[in-house]
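> this is a predicted model, with the sequence first.
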Amino acid sequence: MGSRRANIGMLFALGAGLLWGCGGSAYTELGKSRDRWDRQRPEHYLYIYEATGFVADAGIPWTLEVSGFDVVAATYAGEGTAPSGTSLTAENAPTIDALFGRIQKAFDSSQGTTATYDPTWGFPTDVTISVGSETDGFKASNLEER
């Protein structure tokens, strides 16, 4: 009986270590990518932003222009005209820095989060955040320094 308890205890410890390691690895990748972004962050840039998952503007691409730490323009980047009822504006559109904050908040609240980062600039390119049975997230691409 004693060895069975020891084995169960070891399995629990191993499982907990693996789970922590995954989270630790994700935090490490987030930190490294954020550092890469902070070192070379352009003062003025454009990028394509697209919300994903269960949000009103999911799948609608936007070109966001950022100057300093503010979005100064949000322009529909899809075919034709912007769908009616879209709500993204320069006032509520995210900068790359805000995207990092969103990932950090998701990690801190133990939400299931996956993230990939641009190997050159370090900005997040594809993020999925799972909350219960729903997911949301975003895609960011085509960063262009101005």
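Now that the structure is in, tell me what you want to look at. Numbers count the residues shown, from 1 in each chain.
> all contacts plus neighbour counts: C-alpha atoms, from now on.
Fine.
> need the contact partners of stretch 64-79.
43-49, 60-63, 82, 88-91, 93-95, 97 (C-alpha atoms under 8 Å, 6 or more residues apart in numbering).
> return the members of those classed as buried.
44-49, 60-63, 88-90, 93-95, 97 (16 or more other C-alpha atoms under 10 Å).
> okay, helices next: where are they in the protein?
Secondary structure of the chain by DSSP state H: the helices cover 2-40, 96-108.
> biggest strand in this protein by residues?
Using DSSP state E to define each element, the chain has its longest strand at strand 134-145.
> buried residues in that one?
Those buried within strand 134-145 under the rule 16+ other C-alpha under 10 Å are Thr135, Asp136, Gly137, Phe138, Lys139, Ala140, Ser141, Leu143.
> find the nearest non-adjacent residue to the residue nearest to the spatial centre of the chain, please.
By C-alpha atoms, centre = their mean, the mean C-alpha position of the chain lies nearest to Val127, the distance being 4.1 Å. Once flanking residues are discounted, Val127 sits nearest to Ala115: 4.4 Å by C-alpha to C-alpha, 6 or more residues apart in numbering.
> okay, now the one you found: neighbour count?
17 (other C-alpha atoms under 10 Å).
> what's near enough to touch it?
Ile103, Pro124, Thr125, Asp126, Val127, Thr128.
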